[in-house]
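Enquirer: this one's structure only:
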């Protein structure tokens, strides 16, 4: 009872574009920095970004495709970490939890061994909803 | 007072693409399966999907258009229900509530009689916000 | 202690398209109309819409580009306010709070003096998460 209960951020990451991945990991990093737990549930296009090598190839959505080179250059100049670097830096804190959506794996023919090692758990939407029900902030990105 | 209060999921469905419709209805189905209420408020492109026959024609967003055939084949092979089939299966549980955004109806020239019969209520954003204020999980899809 | 605590709506506005801006401001307007606070945190493409003159040029996403003229005409006929008009009308209530994401400003080379005067605060994601943690409804648009 004396134990402090941490606040929780729960995000469905449905998108697989660079801007949205940044949003998810900037929010997760910020959450961890203020001692919140961050639970990220990857589904659909987001799920495909958990495949080894995929996240570093993420691009911008059609509307903003023409800004890709400019943004990449700016981020390099700012020495801004990539989404995958942010994910890796957060793992040792034990406050970031990465879930891979099991039905999406079947839809896209992705297997457990295809994933980066940072994936904590393969789970269905019930796992997400149970975590989200007890979370302080819930978002769909 | 002895009555059990159900947890609630409240979603704004703004998107009209197949991936997002799946997300909305997979979350709604999962919510219902763990005895939560699911409240889906359809607006903008999402609203246009409540017109009879529209949901079955939903496609993928521009970025993923080329995967449409492949995904359709995979879903068929998995015998995965369509979003509309999921909606119809959930209705008898009385835990799924479908709202149609009234200002969007005017913007898109959609009339009540154009809708599928599963629509429960035509409502403004105040109705959604009141439900969402008391919900455990709120998402914008 | 006798003071009434207002309910809060907290939205990350990541999108810069007209449909999503309408969603954000219709929800904000509705929140204010039922005496809720509305906190809108603009990031990425949303952030670029806080630059003077930008919001009035917002268009529809690629999938719906062909409907732009038709929607504009309908909105005019409905005498529907633009997103920026909605924002301006809400400011005197003191219930709408507009935040500009500081890392996005650097990514896009946007300076404080580029913004419309309705921006209340330049802030990082921690500010948003703290507000969102105490909010009743949290959405990512």
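Expert: Noted; the coordinates are in hand. Not measured: the values here are computed from a predicted model. Numbering: from 1, shown residues only, chains lettered A, B, ... in the order given.
Enquirer: pLDDT weak spots in chain A?
Expert: Scanning chain A for pLDDT under 70 picks out A:1-3.
Enquirer: what about the strands in it?
Expert: Using DSSP state E, the strands of chain A run over residues A:8-13, A:37-42, A:96-101, A:121-123, A:137-140.
Enquirer: would you list the ones you listed in a markdown table and tack on mean neighbour count and distance to chain B?
Expert: C-betas here are computed from N, CA, C, even on glycine. Below are the strands of chain A laid out as a markdown table (neighbours: other Cβ atoms under 10 Å in any protein chain shown; distance: least, Cβ to the nearest Cβ, whole Å):
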| stretch | mean neighbour count | distance to chain B |
| --- | --- | --- |
| strand A:8-13 | 26 | 7 |
| strand A:37-42 | 25 | 10 |
| strand A:96-101 | 24 | 9 |
| strand A:121-123 | 13 | 11 |
| strand A:137-140 | 27 | 4 |
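Enquirer: Name the residues of stretch A:69-87 that come out as buried.
Expert: Of all the residues in stretch A:69-87, those buried under the rule 16 or more other Cβ atoms under 10 Å in any protein chain shown are A:71, A:75, A:80, A:81, A:82, A:83, A:84, A:86, A:87.
Enquirer: Okay, and which of those map to helices?
Expert: A:71, A:75, A:83, A:84, A:86, A:87 (DSSP state H).
Enquirer: If we check chain B, which of those are in contact?
Expert: Filtering these for proximity to chain B by Cβ under 8 Å from any Cβ of the partner chain leaves nothing.
Enquirer: Include distance to residue C:108 when you put those residues into TSV, please.
Expert: Output for these, formatted as TSV (distance: Cβ to Cβ, whole Å):
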residue	distance to residue C:108
A:71	8
A:75	11
A:83	18
A:84	22
A:86	19
A:87	23
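Enquirer: ok, the residues you listed vs residue C:106, which is closest?
Expert: Of all those, residue A:75 has the smallest distance to residue C:106: 9.7 Å, by Cβ to Cβ.
Enquirer: now residue A:101: how far from residue A:128?
Expert: 8 Å (Cβ to Cβ, to the nearest Å).
Enquirer: What segments of chain A are helices?
Expert: Under DSSP H, chain A gives helices at A:18-33, A:44-48, A:68-77, A:83-90, A:102-107, A:125-133.
Enquirer: now what about the third one, what contacts it?
Expert: Outside helix A:68-77, the residues that touch it by Cβ atoms under 8 Å, 6 or more residues apart in numbering or on different chains are A:18, A:59, A:60, C:106, C:107, C:108, C:109.
Enquirer: among the residues you listed, who's most crowded?
Expert: Neighbour counts for the contacts of helix A:68-77 (other Cβ atoms under 10 Å in any protein chain shown) peak at residue A:18, which has 24 neighbours.
Enquirer: Report the contact partners of residue A:7.
Expert: By Cβ under 8 Å, 6+ apart, residue A:7 lies in contact with A:31, A:35, A:36, A:37, A:136, A:137, C:133.
Enquirer: Alright, that wraps it up for me.
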